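In: Pasting the sequence and the predicted coordinates here, then a few questions.
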Amino acid sequence: MLTCDTYHMPTNLRDALEIWSGAPEGSSLISGATDILPWAREGRAGDVHIPSFVDVTKIKELDGHTVANGRVRLGANTVYQDFLTDASLRHLLPCMPYCAIWFADDQIREQATFAGNLANASPVADGTPPAAALNASLELARLDGGNIKTRQLTVSDFIVGPGRTLLQPDEIITAVSLDAVAGYGGSFQKVGQRRSLVISVACCAALVKADSTGRYFDDLRLALGGVGPRPMRLTAIEARLRGERISHRTIDQAAKLAADEVASRSRQEYRRDVVIGFVKSALEEALENQPDIDVTYEDLGETENA
Amino acid sequence: MPKLKIELDVNGRKISRETDAYKRLLDFLRDDLNLTGTKEGCGAGECGTCSVFVDGKLVKSCLMPVAKASGTKIETIEGLAKPGDLTPMQKAFHKTGASQCGYCIPGMVMAATSALRQNPNAGIEEIKERLGGNICRCTGYTKIFEAVELAKAVIAGDMPEDALNEDAVGDSYIGHNVRRLDAPSKVSGRLRYAADMKMHDMLQLQVLRSPHPHANIVSIDTSAAEAMDGVVCVITSADVPDDTDGFGVFVHDQPIMARGVVRHVGEAVAAVAAEDLVTARRALSKIKVVYEEIAGVFDPEDALKDGAAIVHDYAPDNVVKHIPVRKGNVEAGFANADIILEDDFSTQQVEHAYLEPEAGIAYVDADDVIVVISPSQNITHHRHMLSHILKKPINKVRFIMSPVGGGFGGKEDMIYQGMLAIVAMKTHRPVQLNFTREESIIASAKRHPSRVHYKMGLKWNGEITAIQFNMLSDGGAYGMSSEGVMRKAAILSCGPYEVHNLSVDTTAVYTNNTPSGAFRTFGGMQAQFATESMMDMAAEALEMDPFQIRRINMMKIGSRTHTQHTLTAASLDRCLDAAEKESRWENGTPNVRGDKRSDLGGDDTRAPCTLGARFTSGKNSDKERVA
Ligand SMILES: Cc1cc2nc3c(=O)[nH]c(=O)nc-3n(C[C@H](O)[C@H](O)[C@H](O)COP(=O)(O)OP(=O)(O)OC[C@H]3O[C@@H](n4cnc5c(N)ncnc54)[C@H](O)[C@@H]3O)c2cc1C
Ligand code: FES
Ligand code: FES
């Protein structure tokens, strides 16, 4: 059971940072509460008393999103359901609807924030592979002599290990910025113990762009979650496939290479098998989901064409 | 503690209240506004019994601090229809029989309502996906999905409104769709389960549980807890008469609270009654218990070994119950066999996970009658046991069965009602105990984990000549229903097959694991898993069709059962015919068909689980219709 003395709901960033920097020791930021509330239960943290909660969800500066210089800046109040319901986000971040659909359920997605998911730094958070694939960076704000100062950290620098981040005690995450990749095909793969309401055992995000002929990999992004303490971007495989003729054989080879890179402590064999399947289906689905381009596979399409 | 001012609109009513800053929207609705149609099945976002609309979006109210709800418009199950009326969705749930125990139903109705508000044309896969956050343990979901599809058709005008009315019943109820009498109370959220009931001046009880599987209790110091403001009393086994303390479905081996020794993790050691829940929980941490850990036994085979830790002094061999069944001459049967198969089968512990966690109220009425209200599946026996334990005449103990939000056998054991009664007697105030989900899992009985060693002799023609069936079950720390479960397992052991020579032994032993008890099929599942697997393996060994080997051995009218009962009715032949037809069974030995089987796949089989039914197509993502 979670108890607190005070629950603050500041409506602007300055107020929030003031309350937060003056909050008693042991206080906590809270956004969707979907990690915090279940954490304070028997078998996990047990009964917890928090002096003050500073709820960030009414801070207006944290709402909405903007696009500039090829990046999407998501306000920290962006929730997972937005990736399904907001047409502009679906267009700009084509892997996110597929990630969101596997995330918890329709109800939790209305509350759970993308920023909270990254801040929680679980090794199996569904948000981390897409964040790695889209070169995410976090915008962190704090008060410095009465002025609001912000800094940017890449998600791979920000997440240090399971449950550990570089967030400083007086800082608030104000936004997450990601590469805008409209026109790519997106995909997300996840294995868990059931369909809804389940934390991943492992997950994988992919973004693919074929060239205009639909025959060659123009660009691609691949990242895995749940296979190590931090999300793993498969840059070597991306580089190898870039410019390659699209074929099932090439994809199969890439999938095997990905499995070799997996360094998980537990259930390694199982994860190796999963990774092979993931990379294969993630690439194939992302190719299939690419808008406006019909992809032809060398070892399938060409024989059909002949 | 400082209060928080909350102003919001609930079901069209303007509300302004001061409440505790730490409350969740769920607590505020249930405790402050008495809107108990919204339930707490898990408190952790996993079950959906707490779903409500906040500004038109469905959320889980157990995951929402109440402060967030200030200034919003809330809609709960109570607000969907006007008093005395039901929405088409609620009527559809009534019509299709979608509510059973009903505990998940308010949340289900909310989720179904949300699904159709989001997309009135949602197809069945999308409906399933949108209901994915809500769990039902009773219905298997089929009737719930039927209800949503029916409501969808009526709302869209594709079916007339009177499609929601009760079907006419012909000469017989059998073969007709008859609506459940209690469904309106469940689909409207009006039915009160034990945790929904409130009485004036009621205390809240919380239980301190053992962290050890086997330990002597050296001392319990409750003084610091008792000294706390708001704590009304702390009870331990010292408050229960020691010469009568003991309950159980068969053997009365379990004290109301641990007496001198704890035998499993989660066993009740002490309990605090306080003016409110938070005080009761804080007081638990002030109780000091000194334990002396002792060797335990955690595997049923170890429990039978010489020198094993003894769980109960009355049973130095750790045996709860051994049920032997003998028929014919097994040695002769095996000697007569053309082939003998031998194998081992094991099944694991299973939690019932009824959506309603255990809950109850006790009070002493003006005539000194101790009244216990709880979703007990065995109230008459509980009443008799409690009257004996408390040394009260039977007419001074009353048990009232509150609606059971799912039991499946798991609510047969009197694991908390005794504590409630004792507090009511000590304080003369009503007292309530609501388990958390975690507490329900740690403290309630489980399905018996079992191991079966199986030996089966057969003729080349498929006829069984003899069976030797030996089952060892982990009964856990207390007897509970083990005796009955072993009896049932023994009776059903060799399945619905006529076996002339058999030797069956089922044994449950004490260990320091969570107690095992009653669970749907009561031992039958474990036995049938072994027997039916064995039948398939026998079919394979004899190169026979699995239906054929079952028909050769099945009990018919005139057959003698394992326990020497002559049957005057039998229907396995018809069951097998129906199963064979409906499954479009492809005849043949189980291992010769590879992946070319014609009876797999097809319209009436379930596709593998996937998500994303709401994406119409990956192509042209602008046209993607997402939510
Ligand atoms: C039933 C259930 C199913 C779930 N399923 C999934 C799933 O499928 N995949 C998955 O990845 N996760 C899942 N989760 C976990 C959880 O929902 C996510 O991690 C969610 O994104 C957390 O976001 P939140 O806004 O609710 O965070 P909160 O619980 O509010 O906070 C989480 C952490 O982030 C910090 N924080 C929040 N906002 C800020 C900020 N602006 N600045 C600095 N720190 C901040 C908080 O202090 C806290 O430490 C599930 C949870 C539940 C209960
Ligand atoms: S989801 Fe809220 S009580 Fe289970
Ligand atoms: S009717 Fe759904 S849990 Fe009982």
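Out: Done, it's in. Ligands and ions are numbered 1, 2, ... in the order given.
In: And the strands in the stretch 501-627 of chain B?
Out: Remark: strands assigned in the stretch 501-627 of chain B by DSSP state E, counting those that start in this stretch are B:502-510.
In: Pass me the low-pLDDT residue ranges in it, would you?
Out: B:593-596, B:616-627 (pLDDT under 70).
In: you'd agree residue B:423 is up against residue B:233?
Out: Yes. Judged on C-beta atoms under 8 Å, residue B:423 makes contact with residue B:233 at a distance of 6.2 Å. Just so you know, the C-beta spots here come from the backbone N, C-alpha and C atoms, and that holds for glycine as well.
In: what is in contact with these two at once?
Out: residue B:273 (C-beta atoms under 8 Å, 6 or more residues apart in numbering or on different chains).
In: Specify which residue of these two has the higher count of neighbours.
Out: Legend: neighbour count by other C-beta atoms under 10 Å in any protein chain shown for residue B:423 and residue B:233, higher for residue B:423 (27 against 20).
In: ok, so what distance separates residue B:439 from residue B:261?
Out: Look at residue B:439 and residue B:261: by C-beta to C-beta, to the nearest Å, they are 21 Å apart.
In: contacting residues for residue A:251?
Out: Contacts of residue A:251 by C-beta under 8 Å, 6+ apart are A:279-280, A:283-284.
In: would you turn these into CSV with distance to residue B:492?
Out: Shown next, in CSV, are these (distance: C-beta to C-beta, whole Å):
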residue, distance to residue B:492
A:279, 48
A:280, 46
A:283, 51
A:284, 49
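In: ok, which pair from those residues is furthest apart?
Out: Spanning the widest gap among the contacts of residue A:251 are A:279 and A:284, at 9.6 Å by C-beta to C-beta.
In: neighbour count winner among those two?
Out: More crowded of residue A:279 and residue A:284, by other C-beta under 10 Å: residue A:279, with 25 against 19.
In: host element of the more buried one?
Out: Residue A:279 belongs to helix A:268-289 when assigned by DSSP states H and E.
In: Output the contacting helices and strands for that helix.
Out: Under the contact criterion of 3 or more C-beta pairs under 8 Å, 6 or more residues apart in numbering or on different chains; DSSP states H and E, helix A:268-289 touches strand A:185-191, strand A:202-210, strand A:217-225, helix A:248-261.
In: What residue spans form the domains of the chain?
Out: By default, I'm working from chain A. Chain A breaks down into these domains under automatic domain parsing: A:2-55, A:60-179, A:185-288.
In: meant chain B, my bad for not saying
Out: B:3-168, B:203-294+B:353-441, B:315-351+B:446-553.
In: re the thing from before, is it possible to get the domains of chain A out as JSON lines so that each row also shows mean pLDDT and distance to ligand 3?
Out: Shown next, in JSON lines, are the domains of chain A (pLDDT from 0 to 100; distance: least, C-beta to the nearest ligand atom, whole Å):
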{"stretch": "domain A:2-55", "mean pLDDT": "97", "distance to ligand 3": "21"}
{"stretch": "domain A:60-179", "mean pLDDT": "96", "distance to ligand 3": "16"}
{"stretch": "domain A:185-288", "mean pLDDT": "89", "distance to ligand 3": "15"}
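In: Just the element for the closest residue to chain A within the stretch 301-450 of chain B, please.
Out: In the stretch 301-450 of chain B, the residue that lies nearest chain A is residue B:438 (4.0 Å; C-beta to the nearest C-beta). Per DSSP H and E, residue B:438 falls inside helix B:437-443.
In: does ligand 3 sit close to that helix?
Out: No. If you take C-beta under 6 Å from any ligand atom as the test, helix B:437-443 misses ligand 3, and the best it gets is 13.4 Å.
In: quick check, nearest of the contacts of residue A:251 to residue A:66?
Out: Comparing those against residue A:66 with C-beta to C-beta places residue A:283 closest, at 30.7 Å.
In: Hmm, that closest one is touching residue A:220, no?
Out: Yes. Taking C-beta under 8 Å as the definition, residue A:283 is a contact partner of residue A:220 at 7.3 Å.
In: Please identify every residue contacting each of the two.
Out: Joint contacts of residue A:283 and residue A:220 (C-beta under 8 Å, 6+ apart) are A:206, A:208.
In: Can you pull out the residues in contact with stretch A:15-27?
Out: So stretch A:15-27 is contacted by A:8, A:10, A:29, A:50-54, A:56, A:59, A:141-143, A:148, A:170, A:172 (C-beta under 8 Å, 6+ apart).
In: rerun at 10 Å
Out: By C-beta atoms under 10 Å, 6 or more residues apart in numbering or on different chains, the residues outside stretch A:15-27 that reach it are A:4-6, A:8-10, A:12-13, A:28-29, A:48-56, A:58-59, A:61-62, A:141-144, A:146, A:148-149, A:169-172, A:174.
In: List buried residues within these.
Out: A:4-6, A:8-10, A:13, A:28-29, A:48, A:50, A:52-56, A:58-59, A:61-62, A:141-143, A:170-172, A:174 (16 or more other C-beta atoms under 10 Å in any protein chain shown).
In: Residue B:465 is in what secondary structure piece?
Out: With DSSP H and E as the test, residue B:465 turns up in strand B:464-476.
In: Okay, now the unreliable bits of chain B?
Out: For chain B (pLDDT under 70), the answer is B:1, B:593-596, B:616-627.
In: can you do 90?
Out: B:1-2, B:167-178, B:583-611, B:615-627 (pLDDT under 90).
In: Give me every residue in it lying close to ligand 2.
Out: Counting by C-beta under 6 Å from any ligand atom, chain B sits next to ligand 2 at B:40-43, B:45-50, B:60, B:62.
In: Now render those residues as CSV, adding secondary structure and neighbour count.
Out: Below are the residues of chain B next to ligand 2 laid out as CSV (DSSP: H, G, I helix; E, B strand; the rest coil; neighbours: other C-beta atoms under 10 Å in any protein chain shown):
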residue, secondary structure, neighbour count
B:40, coil, 25
B:41, coil, 26
B:42, coil, 23
B:43, coil, 24
B:45, coil, 25
B:46, coil, 21
B:47, coil, 26
B:48, coil, 30
B:49, coil, 29
B:50, coil, 29
B:60, strand, 32
B:62, helix, 26
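In: Nearest to ligand 1: which residue in chain B?
Out: Across chain B, the shortest distance to ligand 1 (C-beta to the nearest ligand atom) belongs to residue B:45, at 3.3 Å.
In: excluding its backbone neighbours, what's nearest residue A:214?
Out: residue A:295 (4.5 Å; C-beta to C-beta, 6 or more residues apart in numbering or on different chains).
In: What is the burial count for the one you found?
Out: 20.
In: What separation do you get for it and residue A:209?
Out: Distance from residue A:295 to residue A:209, by C-beta to C-beta: 10 Å.
In: same thing with residue B:536?
Out: 51 Å.
In: Among those two, which residue is more densely surrounded?
Out: residue A:209 (20 against 14).
In: looking at it, that one is touching residue A:243, isn't it?
Out: No. Here residue A:209 does not reach residue A:243: they are 11.7 Å apart, not a contact under C-beta atoms under 10 Å.
In: Alright, calling it a day.
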